[in-house]
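J.: have a look at this prediction, sequence included:
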Amino acid sequence: RDPSTSSLKIVAIPRELNSMTKLAEHFGKFGTCVSIQVRPPDEATVQFQSHHEALAALRSPDAVLGNRFIKVLWDDSAEKKDSAEKKDSAASAPAHTPALASATPNSAPSSSGPSSSSSSGPSSSAGPSSSARSSSTAEGAAEAGAGGEKAGGDE
(Lines give C-alpha, C1' and ligand atoms only; values in the text may rest on other atoms or scores of the structure.)
Protein backbone atom coordinates (compact mmCIF):
# COMPACT_ATOMS: atom_id res chain seq x y z
CA ARG A 1 0.00 0.00 0.00
CA ASP A 2 1.14 3.51 -0.81
CA PRO A 3 2.54 5.02 2.42
CA SER A 4 1.05 8.40 1.52
CA THR A 5 -2.49 6.97 1.62
CA SER A 6 -4.32 8.06 4.76
CA SER A 7 -7.99 7.66 3.78
CA LEU A 8 -10.32 4.81 4.67
CA LYS A 9 -13.65 3.89 3.15
CA ILE A 10 -16.25 2.65 5.62
CA VAL A 11 -19.07 0.54 4.14
CA ALA A 12 -22.26 -1.17 5.32
CA ILE A 13 -22.93 1.40 8.04
CA PRO A 14 -26.48 1.27 9.43
CA ARG A 15 -28.28 4.60 8.83
CA GLU A 16 -28.61 5.37 12.54
CA LEU A 17 -24.83 5.04 13.00
CA ASN A 18 -23.75 6.91 9.85
CA SER A 19 -23.07 10.35 11.32
CA MET A 20 -19.96 12.50 11.53
CA THR A 21 -20.22 12.64 15.32
CA LYS A 22 -20.34 8.87 15.80
CA LEU A 23 -17.64 8.20 13.21
CA ALA A 24 -15.34 10.85 14.73
CA GLU A 25 -15.88 9.36 18.17
CA HIS A 26 -14.87 5.87 16.98
CA PHE A 27 -12.02 6.72 14.58
CA GLY A 28 -10.61 9.47 16.81
CA LYS A 29 -9.21 6.66 18.99
CA PHE A 30 -6.65 5.92 16.26
CA GLY A 31 -5.40 9.42 15.53
CA THR A 32 -6.37 12.81 14.13
CA CYS A 33 -9.30 12.70 11.71
CA VAL A 34 -8.58 15.38 9.12
CA SER A 35 -11.82 14.82 7.21
CA ILE A 36 -14.97 12.75 7.60
CA GLN A 37 -17.43 12.52 4.73
CA VAL A 38 -20.75 10.79 5.26
CA ARG A 39 -22.26 9.33 2.10
CA PRO A 40 -25.83 8.23 2.73
CA PRO A 41 -27.21 5.74 3.02
CA ASP A 42 -24.41 3.44 4.21
CA GLU A 43 -20.90 4.72 3.38
CA ALA A 44 -18.36 7.20 4.72
CA THR A 45 -14.77 8.24 4.14
CA VAL A 46 -12.39 9.04 6.97
CA GLN A 47 -9.08 10.73 6.26
CA PHE A 48 -6.39 10.59 8.92
CA GLN A 49 -3.41 12.85 9.38
CA SER A 50 -1.01 10.00 8.61
CA HIS A 51 -0.85 6.61 6.95
CA HIS A 52 0.17 5.09 10.29
CA GLU A 53 -3.05 6.28 11.97
CA ALA A 54 -5.19 4.97 9.10
CA LEU A 55 -3.40 1.63 9.25
CA ALA A 56 -4.07 1.37 13.00
CA ALA A 57 -7.81 1.94 12.39
CA LEU A 58 -7.84 -0.55 9.51
CA ARG A 59 -6.13 -3.27 11.55
CA SER A 60 -8.14 -2.74 14.72
CA PRO A 61 -9.90 -5.90 15.88
CA ASP A 62 -12.67 -3.80 17.52
CA ALA A 63 -16.06 -3.76 15.82
CA VAL A 64 -16.70 -0.36 14.23
CA LEU A 65 -19.38 1.43 16.26
CA GLY A 66 -20.09 -1.91 17.95
CA ASN A 67 -21.26 -3.44 14.66
CA ARG A 68 -19.20 -6.29 13.25
CA PHE A 69 -20.83 -5.97 9.79
CA ILE A 70 -19.33 -2.53 9.14
CA LYS A 71 -16.25 -2.92 6.92
CA VAL A 72 -13.16 -0.70 6.84
CA LEU A 73 -11.19 -0.59 3.57
CA TRP A 74 -8.51 1.56 1.99
CA ASP A 75 -10.12 4.40 0.06
CA ASP A 76 -8.99 3.64 -3.50
CA SER A 77 -10.71 6.74 -4.87
CA ALA A 78 -8.20 8.96 -3.01
CA GLU A 79 -5.33 6.94 -4.50
CA LYS A 80 -6.78 7.17 -8.02
CA LYS A 81 -7.23 10.91 -7.61
CA ASP A 82 -3.59 11.31 -6.53
CA SER A 83 -2.33 9.23 -9.46
CA ALA A 84 -4.57 11.15 -11.87
CA GLU A 85 -3.14 14.43 -10.59
CA LYS A 86 0.38 13.08 -11.05
CA LYS A 87 -0.48 11.99 -14.61
CA ASP A 88 -1.98 15.41 -15.35
CA SER A 89 1.13 17.21 -14.12
CA ALA A 90 3.37 14.82 -16.07
CA ALA A 91 1.23 15.25 -19.20
CA SER A 92 1.40 19.03 -19.00
CA ALA A 93 5.19 19.03 -18.60
CA PRO A 94 5.95 17.13 -21.86
CA ALA A 95 3.57 19.39 -23.76
CA HIS A 96 5.64 22.31 -22.52
CA THR A 97 9.02 20.75 -23.29
CA PRO A 98 8.50 20.01 -27.03
CA ALA A 99 7.35 23.59 -27.51
CA LEU A 100 10.70 24.73 -26.15
CA ALA A 101 12.57 22.17 -28.24
CA SER A 102 10.72 23.17 -31.43
CA ALA A 103 11.30 26.85 -30.71
CA THR A 104 15.06 26.34 -30.84
CA PRO A 105 15.17 24.72 -34.34
CA ASN A 106 12.70 27.29 -35.68
CA SER A 107 14.82 30.18 -34.47
CA ALA A 108 18.05 28.64 -35.84
CA PRO A 109 16.79 28.40 -39.48
CA SER A 110 15.96 32.10 -39.51
CA SER A 111 19.67 32.90 -39.06
CA SER A 112 20.82 30.45 -41.78
CA GLY A 113 18.73 29.02 -44.64
CA PRO A 114 20.54 25.69 -45.30
CA SER A 115 20.23 24.59 -41.67
CA SER A 116 16.44 24.56 -41.99
CA SER A 117 16.58 21.45 -44.21
CA SER A 118 19.03 19.79 -41.84
CA SER A 119 16.93 20.74 -38.80
CA SER A 120 13.86 19.07 -40.28
CA GLY A 121 15.75 15.76 -40.25
CA PRO A 122 16.62 15.91 -36.54
CA SER A 123 13.18 17.27 -35.64
CA SER A 124 11.52 14.17 -37.12
CA SER A 125 13.88 11.92 -35.19
CA ALA A 126 13.53 14.20 -32.17
CA GLY A 127 9.89 13.11 -31.79
CA PRO A 128 10.53 9.85 -29.93
CA SER A 129 13.68 11.06 -28.26
CA SER A 130 12.01 14.32 -27.21
CA SER A 131 9.37 12.34 -25.35
CA ALA A 132 12.14 10.46 -23.56
CA ARG A 133 13.83 13.77 -22.82
CA SER A 134 10.58 15.39 -21.76
CA SER A 135 10.00 12.89 -18.97
CA SER A 136 13.47 13.43 -17.57
CA THR A 137 13.10 17.17 -18.14
CA ALA A 138 9.77 17.14 -16.33
CA GLU A 139 11.37 15.34 -13.39
CA GLY A 140 14.25 17.79 -13.41
CA ALA A 141 11.83 20.71 -13.57
CA ALA A 142 9.88 19.27 -10.64
CA GLU A 143 13.09 18.88 -8.66
CA ALA A 144 14.24 22.34 -9.65
CA GLY A 145 10.84 23.73 -8.66
CA ALA A 146 11.07 22.05 -5.28
CA GLY A 147 14.60 23.35 -4.86
CA GLY A 148 13.46 26.83 -5.86
CA GLU A 149 10.80 26.79 -3.19
CA LYS A 150 13.36 25.80 -0.59
CA ALA A 151 15.71 28.55 -1.68
CA GLY A 152 12.89 31.09 -1.57
CA GLY A 153 11.87 29.91 1.89
CA ASP A 154 15.41 30.15 3.26
CA GLU A 155 15.94 33.75 2.19
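T.: Nice, I can see it.
J.: quick one: least confident helix or strand in this protein?
T.: Within the chain, judged by mean pLDDT, DSSP states H and E, the helix or strand with the poorest mean is helix 114-154; its value is a mean of 44.
J.: check contacts around Pro14.
T.: Listed by CB atoms under 8 Å, 6 or more residues apart in numbering, the contact set of Pro14 reads Asp42, Asn67, Ile70. (C-beta placed from N, C-alpha, C; glycine too.)
J.: so what's it scoring on pLDDT?
T.: Turning to Pro14, the model gives it a pLDDT of 97.
J.: still on that earlier bit, which one of the contacts of Pro14 is nearest to Gln49?
T.: Ile70 (22.1 Å; CB to CB).
J.: could I get the contacting residues of the closest one?
T.: The contact partners of Ile70, by CB under 8 Å, 6+ apart, come to Ile10, Val11, Ala12, Ile13, Pro14, Leu17, Ala63, Val64.
J.: how close does the closest residue to the second one other than its chain neighbours get to Leu23?
T.: Distances taken as CB to CB, 6 or more residues apart in numbering place Lys71 nearest to Val11, at 4.9 Å, with adjacent residues excluded. Distance, Lys71 to Leu23, using CB to CB, to the nearest Å: 14 Å.
J.: same check, this time on Glu53
T.: 14 Å.
J.: related to what we said a few turns ago, could I get the contacts of Ile70 in TSV, plus columns for distance to Phe48?
T.: What follows is these, written out as TSV (distance: CB to CB, whole Å):
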residue	distance to Phe48
Ile10	12
Val11	17
Ala12	20
Ile13	18
Pro14	23
Leu17	19
Ala63	19
Val64	15
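J.: any weak-confidence spans in the chain?
T.: The chain contains residues with pLDDT under 70 at 78-155.
J.: and if we set it to 90?
T.: Applying pLDDT under 90 to the chain flags the ranges 1-4, 76-155.
J.: quick one on the thing from earlier: and the residue nearest to Val11, how many neighbours?
T.: For Lys71, the number of neighbouring residues by other CB atoms under 10 Å comes to 12.
J.: cool, and Ser50?
T.: Using other CB under 10 Å, Ser50 has 14 other residues around it.
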